[in-house]
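Engineer: Generate a structure from the sequence data that follows.
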Amino acid sequence: MPGQQGYEGKRFADLLLHVQYHPLDEEIITLQYLSHHFNISATYFSEYFKRNANETYQEFVLRSKLKLAEAKAMYTDIPFKEIVYNLGFTDSSHLNKMMKRFYKKGMSDIRKGVMAA
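Structural biologist: Numbers count the residues shown, from 1 in each chain. Model (predicted):
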């Protein structure tokens, strides 16, 4: 059914935007909340997300938080400890490990890169 695919695409785009706009609001980005809000079975949600995004829901949330961390490192002088706390990472080494995994750079390298430019 042609209209169904358009609806599914819009629903998934709306879901992504919802998470990107609220990555720090743990209550409204839970799998349970999203499955209810977007009318997707909670048991099917993870499969639905992976099929549409080519990554797991947890990876998407993590990448959204890492993008915020990158922006804060680049465009503010907020101390790293505060960024770590505000984004819900356990400590600086955890954030740095994730940044290096996804961006191949740590927080200091990101901030230094902007300052050098």
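Engineer: going forward, measure contacts between C-alpha atoms and count neighbours the same way
Structural biologist: Fine.
Engineer: where exactly do the helices run in the protein?
Structural biologist: 2-21, 31-37, 42-53, 57-75, 80-87, 92-103, 107-116 (DSSP state H).
Engineer: most neighbours per residue, which of the ones you listed?
Structural biologist: For the helices of the chain, the largest average neighbour count (mean count of other Cα atoms under 10 Å) is found in helix 57-75, namely a mean of 18.
Engineer: Adding mean pLDDT, write the helices of the chain out as a markdown table.
Structural biologist: Shown next, in a markdown table, are these (pLDDT from 0 to 100):
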| stretch | mean pLDDT |
| --- | --- |
| helix 2-21 | 81 |
| helix 31-37 | 93 |
| helix 42-53 | 93 |
| helix 57-75 | 94 |
| helix 80-87 | 94 |
| helix 92-103 | 93 |
| helix 107-116 | 81 |
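Engineer: how near is the residue positioned nearest the centre of the chain to residue 14?
Structural biologist: Centroid-nearest residue in the chain, with Cα atoms, centre = their mean: residue 64, separated by 2.2 Å. As defined by Cα to Cα, to the nearest Å, residue 64 lies at a distance of 15 Å from residue 14.
Engineer: likewise residue 78?
Structural biologist: Separation of residue 78 from residue 14 (Cα to Cα) stands at 31 Å.
Engineer: cool, residue 53 as well?
Structural biologist: In this view, residue 53 and residue 14 are 13 Å apart by Cα to Cα.
Engineer: Domain parsing of this structure, as residue ranges.
Structural biologist: Domain assignment for the chain by automatic domain parsing gives 2-54, 61-116.
Engineer: So what's the gap between the longest one and the chain middle?
Structural biologist: Domain 61-116 sits 13 Å away from the centroid of its parent chain (Cα atoms, centre = their mean, to the nearest Å).
Engineer: Stretch 19-28 now?
Structural biologist: 9 Å.
Engineer: what comes up buried for it?
Structural biologist: Neighbour counts using 16 or more other Cα atoms under 10 Å place 19, 20, 23, 24 of stretch 19-28 among the buried residues.
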